[in-house]
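>>> turn this into a structure:
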Amino acid sequence: MGAISLQLEKLQHLQVLILSNNNFSGVIPSSLSNLKAMKNQTESSNVLQYSNSSTMSYVDKMEIVNKGQFLEYAKSLAMVRCLDLSGNNFSGDIPRGIGFLIDLKFLNLSRNHLSGTIPTTFGNLVKLESLDISRNNIIGYIPGELQLLTYLSYFNISYNNLSSRILIGGQFLTFNGGSFSNIAHLCGLQINRSCSSSLSPKFTQDEDGSEEEWDEDVWWEVGIGLSFGFGFAIFIGVLCFNKKYHFKCFKTMDEFIFILDQYVKENKF
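This is a model prediction of the structure:
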């Protein structure tokens with residue numbers, strides 16, 4: 001059937017694009033990131049209802065593959081944002097621009113020949129409820145940014161070539177082993193497979209165009225340090241600014257500094 005028309009980006013009111021189970025090929029156009037209705041929720045969320053007489057009317061309905069099942073949407077159809085390109089012959093990388101369609105609720109790119117990595121921009125899809133990129137040739141790691149998707153209730157990356165520790169933040173502990181089937185180099189609690197330290201999940205920060213990778217252990221240490229510092233600051237604040245303990249606080253601090261100074265002098269540090 002060939003490639004997707006680049007003219008699709010002109011459909012600025014398009015909320016649902018389902019091209020599943022066809023023979024489209026080539027790369028997924030980066031211009032899909034210009035679909036305005038998938039970037040910004042329209043003000044109207046009314047039921048799409050039509051009538052030509054007082055006795056005859058109908059309401060738009062649509063079946064969408066959501067969370068691995070066919071679900072019918074009618075009353076809430078006006079609020080649905082869906083991009084389904086599954087079951088085709090698309091190849092190449094997943095466009096980073098898809099991560100800027102911030103009103104998407106359902107994204108299905110499964111059963112293609114896509115390669116490259118999972119875009120870190122997917123962390124922008126904070127309204128996403130279902131993400132399926134299974135049965136492709138995706139490599140690399142699971143981006144830590146996906147832990148930001150707090151509405152995500154269905155996730156499937158099975159049958160890919162990822163090498164990563166499965167995330168444990170956000171919604172990830174709610175996903176079972178079926179979300180990660182047939183990936184030899186994955187490890188984590190969800191599939192009962194222990195990990196080496198080299199397979200820590202990574203968080204990429206590219207605001208300035210560069211990438212900086214932080215593994216899970218670093219985030220853990222930073223979190224502990226910040227928690228301790230915050231708690232200590234509150235403790236000192238209560239002691240020093242409460243009139244009842246104000247004098248005792250500074251007297252104790254003076255004594256501590258004096259003792260520390262004497263210790264340093266005696267040991268000739």
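>>> now Gln171: closest residue in space, sequence neighbours ignored.
Once flanking residues are discounted, Gln171 sits nearest to Leu152: 4.7 Å by Cβ to Cβ, 6 or more residues apart in numbering. C-beta coordinates here come from the backbone N, C-alpha and C atoms, glycine included.
>>> pLDDT below threshold where in the chain?
Along the chain, the model assigns pLDDT under 70 to residues 1, 41-79, 197-269.
>>> can you pull out the helices in it?
For the chain, the helices defined by DSSP state H occupy 216-241, 243-267.
>>> related to what we said a few turns ago, who's in contact with the residue nearest to Gln171?
By Cβ atoms under 8 Å, 6 or more residues apart in numbering, the contact set of Leu152 is 128-131, 146, 170-171.
>>> give me the beta-bridge partners of the closest residue to Thr117 other than its chain neighbours?
Spatial nearest neighbour of Thr117, excluding adjacent residues (Cβ to Cβ, 6+ apart): Gly140 at 3.6 Å. Beta-bridge pairing for Gly140 (DSSP bridges): Leu162.
>>> hmm, Gly140 is touching Leu162, no?
Yes - with contact defined as Cβ atoms under 8 Å, Gly140 counts as touching Leu162 (6.4 Å).
>>> between the two, what contacts are shared?
With Cβ under 8 Å, 6+ apart as the test, Gly140 and Leu162 both reach Ile118.
>>> neighbour count for these two, which is higher?
Of the pair Gly140 and Leu162, Leu162 is the one with more neighbours under other Cβ atoms under 10 Å, namely 18 against 14.
>>> what residues are up against that one?
By Cβ under 8 Å, 6+ apart, the contact list for Leu162 reads 118, 138-142, 183, 185-186.
>>> possible to save those residues as JSON lines with distance to Asn23?
Below are those laid out as JSON lines (distance: Cβ to Cβ, whole Å):
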{"residue": "Ile118", "distance to Asn23": "25"}
{"residue": "Ile138", "distance to Asn23": "21"}
{"residue": "Ile139", "distance to Asn23": "25"}
{"residue": "Gly140", "distance to Asn23": "28"}
{"residue": "Tyr141", "distance to Asn23": "31"}
{"residue": "Ile142", "distance to Asn23": "30"}
{"residue": "Ile183", "distance to Asn23": "27"}
{"residue": "His185", "distance to Asn23": "31"}
{"residue": "Leu186", "distance to Asn23": "31"}
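>>> farthest-apart pair in those residues, please.
Farthest pair in those (Cβ to Cβ) is Ile118 and His185. Separation: 14.5 Å.
>>> show me which of the two is the more surrounded one.
It is Ile118, of Ile118 and His185, that has more neighbours when counted by other Cβ under 10 Å, with 23 against 13.
>>> hang on, isn't the more buried one packed against Pro143?
Yes - in this structure, Ile118 is within contact of Pro143 by Cβ under 8 Å, at 5.6 Å.
>>> how is the protein divided into domains?
As assigned by automatic domain parsing, the chain contains the domains 6-214, 226-267.
>>> list the buried residues in stretch 24-37.
Buried residues in stretch 24-37, counted by 16 or more other Cβ atoms under 10 Å: 24, 28-29, 31-35, 37.
>>> quick check: the two most widely separated of these?
Farthest pair in the buried residues of stretch 24-37, by Cβ to Cβ: Phe24 and Ala37, 21.2 Å.
>>> residues contacting Phe172?
Contacts of Phe172 by Cβ under 8 Å, 6+ apart are 146-147, 155, 166, 190.
>>> ok, now Ser196?
With the criterion set at Cβ under 8 Å, 6+ apart, Ser196 makes contact with Cys187.
>>> what of Arg96?
Arg96 sits next to 30, 33, 119-121 when contact means Cβ under 8 Å, 6+ apart.
>>> ok, it to Gly116 distance?
10 Å (Cβ to Cβ, to the nearest Å).
>>> and what of Asn161?
Distance from Asn161 to Gly116, by Cβ to Cβ: 11 Å.
>>> what's the overlap in contacts for the two?
138-139.
>>> list the buried ones in stretch 157-175?
157-160, 162, 164-167, 170-172, 175.
>>> strands - which of the residues you listed land there?
162, 164-165 (DSSP state E).
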